[in-house]
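In: Coordinates only, no sequence provided:
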């Protein structure tokens, strides 16, 4: 191959590389612009949906009722626990004479006939 053809091929190759690099940089710049545009569009859509959900009276009522329902469920659970404790207490009162005597003494302040009550002031 003569030197002139080699130089021509080499210059064409360098020109092709330079053009492809330039095209690549332009493509990256365009991709960045597209990504920024997509991000802005997604941000605007997200913001619009959030505003609709946040300032819609129906959604606020739904959220309020959700929290109220959870509070009522906790209240029901607490009432069931207290009910179980009271059932146990009734069972002890019916079946354990010592427990019954202790409760009568502590809550009604009853003493036996031969006992002496000491009061400290």
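Out: Alright, I've got the coordinates. Predicted, not measured: the structure shown is a model, and the values here were computed from it. Numbering: from 1, shown residues only.

In: what's the helix or strand for the closest residue to residue 59 other than its chain neighbours?
Out: In space, and not counting its chain neighbours, residue 59 is closest to residue 53: 5.1 Å by C-beta to C-beta, 6 or more residues apart in numbering. Where you see a C-beta, it was placed from the backbone N, CA and C, and this is true even at glycine. Using DSSP states H and E, residue 53 sits in helix 3-55.

In: after that helix, next one along is what?
Out: helix 57-95.

In: Mind listing what's buried along that next one?
Out: Across helix 57-95, burial judged by 16 or more other C-beta atoms under 10 Å covers no residue at all.

In: Can you name the next helix or strand after it?
Out: helix 97-108.

In: Can you give the distance from that next one to the centre of its chain?
Out: Relative to its chain's centre, helix 97-108 lies at 48 Å (C-alpha atoms, centre = their mean, to the nearest Å).

In: for the protein, where's the lowest mean pLDDT among helices and strands?
Out: Counting by mean pLDDT, DSSP states H and E, the chain has its least confident helix or strand at helix 3-55, which shows a mean of 74.

In: average pLDDT for stretch 66-77?
Out: For stretch 66-77, mean pLDDT rounds to 97.

In: if we can go back for a sec, burial count for the residue nearest to residue 59?
Out: By the criterion of other C-beta atoms under 10 Å, residue 53 has 13 neighbours.
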